[in-house]
Structure formats: structure tokens, C-alpha cells
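Asks: Below: sequence and its predicted model.
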Amino acid sequence: MWTDRTKILIGENGLKTLEKANVAVIGVGGVGGYVASMLARCGVGKLTIVDFDIVDETNINRQIVANVNTVGKVKVDVLKEMLLSINPKIQIDAVRKRISKDNLKEIISLKFDYVVDCIDSVADKVELICFCKQNGFNIISAMGAGNRIDIPNFQIVDIYKTCNDGLAKVMRKKLRERGVESLDVATSSQMPLKHSQSAVGSIAYQPAMCGMVVSAFVIGKLLKGV
């Protein structure tokens, strides 16, 4: 069985727990695509993947959904096909929508054991986090993974304990204003590189490793009964 090596570590009961789990991954680009892939390989039985975007040529350097054959295709469709090739029995709901305060109730439901926030947009990120916090959903949020080239050192901490993370700094202020007192985030304390470009620079392994850390955190929570 393809799960035999995982079973050595978590046992039959662990496999059954993950098979029954239902996780939403919001944003399936650089970080989120790796999160969804790792959750599927660990044996999570149900995934909802949400993203409005299509694969762009500039995504190829860092996104698991991106290659020369997928450019121009819908990201969630590409990822769904990929995940089914890993585990044909996995249940996947691929939602091509952009999360906003207007559709949160439609997309985020009580069926989810965990919500993983991998959104780039600050405004949408804030709305998702606040909605989950106000309605009792378990959520973890990925912070900045760009403008770094060193060996990754992502950790899970409370957002109010982050440092050297520009996205987390912006998010802290906005979440404090909305009354959010705590939030688990994946963040790096490495100093980001400075450059003259307006776009955020990114290298393959940084968002990938952020996604790996987030995945490990979620799997641990699921195995402990969240």
C-alpha cells in the first residue's frame, strides 16, 4: 500500500484519523500548492482547494502546479488532477473563487477540521482570519515567504511574536484593530533581501518549505484530535 511507510509512524488508527479529516486550503500558489500536496500524501481524505487564478509563466520557478504544460490553466483544476494522481480515493472540492467577505459563509463551513490560509492579498487574508476566529474554525496562516534565499527557517508562532516579516507586521496591525488576540502563523525571522524591484522576489525552496512546515503543523493537530 502507498501508505505503508506512513503507517509505520502513525499506525492504523492514525491513518484512519487522517482519512476522515477534512481540510480547506485557501490559495494554492507557492505555499498552498505544497500544503495541499503534502496533506494528500499524508493521507488526508478530504480537501477543499480554493483559488481564482490561472497558472502564469512567472509561477514556474516556485509553484507546484506550474510547468510549461499548465501555463494558462486554472490552478485548482491542475492541482486537483495532481492530487488525484497521488491518491485516487481522495475527495477534492476545487473551488475557483477569490475569497472575500461576501462569500466566506458560502465557502467556509462546519465540515472543515482545519482551514489553511495561504492567500497573498492582505484584505482577503484579514477577512478570512477574522471570519474563522469569530466562528470557531481552526486556522493557520502563512506569512511572508518572499525576498529570501538563505536556508529556510520557518516556524509556527503566534503572529504577535513574529519579527522581520513584513506581511506579518501589516497583518498584526489590522488584526489587532479587528480584535483578534492570537493566530498561529508560519513565519521566518530571516531578514528579507532589499532590491529595487516593485515585485516580490522568490526562489523555489522558500515557499515550498513554508508549505512543508504548515503541513506538518496541521497533520500534528489532526492526529491529536485538533
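Replies: Sure, I can see it.
Asks: what's the lowest-mean-pLDDT helix or strand in the chain packed up against?
Replies: Counting by mean pLDDT, DSSP states H and E, the chain has its least confident helix or strand at helix 104-107, which shows a mean of 94. Judged by 3 or more C-beta pairs under 8 Å, 6 or more residues apart in numbering; DSSP states H and E, the packing partners of helix 104-107 are helix 122-135. Where C-beta positions appear, they are placed from N, C-alpha and C, glycine not excepted.
Asks: From the chain's centroid, how far away is the least confident helix or strand of the chain?
Replies: Between the centre of helix 104-107 and the centre of its chain there are 18 Å (C-alpha atoms, centre = their mean, to the nearest Å).
Asks: How about stretch 141-149?
Replies: 12 Å.
Asks: Show residues contacting the lengthiest helix in the chain.
Replies: Secondary structure assigned by DSSP state H gives helix 205-223 as the longest helix of the chain. In this structure, residues lying in contact with helix 205-223 by C-beta atoms under 8 Å, 6 or more residues apart in numbering are 10, 14, 17-18, 21, 23, 29-35, 37-39, 42, 44, 62-64, 113-114, 116, 118, 138, 140, 142, 145-146, 148-149, 152, 154-156, 184, 186, 188.
Asks: try it again with 6 Å
Replies: For helix 205-223, contacts defined as C-beta atoms under 6 Å, 6 or more residues apart in numbering pick out 14, 17, 21, 30-31, 34-35, 38-39, 42, 62, 114, 140, 142, 145, 148, 152, 154, 156, 186.
Asks: Kindly report the same for stretch 149-158.
Replies: Everything outside stretch 149-158 that qualifies as a contact, by C-beta under 6 Å, 6+ apart, is 182, 184, 186, 188, 190, 203, 206, 209-210, 213, 217.
Asks: what do you get for stretch 69-76?
Replies: For stretch 69-76, the surrounding residues in contact (C-beta under 6 Å, 6+ apart) are 28, 49, 51, 53-55, 57, 65, 78, 94, 96.
Asks: Pretty sure residue 94 sits against residue 49.
Replies: Yes: contact criterion C-beta atoms under 6 Å: residue 94 and residue 49 qualify, at 5.5 Å.
Asks: so which helix or strand takes in residue 185?
Replies: When elements are defined using DSSP states H and E, residue 185 is found to belong to strand 184-187.
Asks: what's the spacing between residue 112 and residue 73?
Replies: Relative to residue 73, residue 112 is positioned 26 Å away (C-beta to C-beta, to the nearest Å).
Asks: So for those two, which sits in the more crowded spot?
Replies: Set side by side, residue 112 and residue 73 give different neighbour counts by other C-beta atoms under 10 Å, the larger being at residue 112 (20 against 14).
Asks: Give me the secondary structure label for residue 47.
Replies: Using DSSP: H, G, I helix; E, B strand; the rest coil, the three-state assignment for residue 47 comes out as strand.
Asks: May I have the beta-bridge partners of it?
Replies: residue 23, residue 92 (DSSP bridges).
Asks: pLDDT score for the residue nearest to residue 18 when sequence neighbours are not counted?
Replies: By the measure of C-beta to C-beta, 6 or more residues apart in numbering, the closest residue to residue 18 outside its immediate chain neighbours is residue 43, 4.3 Å from it. The pLDDT attached to residue 43 in the predicted structure is 98.
Asks: Could I get the contacting residues of residue 43?
Replies: With contacts taken as C-beta under 6 Å, 6+ apart, residue 43 has the following neighbours: 3, 15, 18-19.
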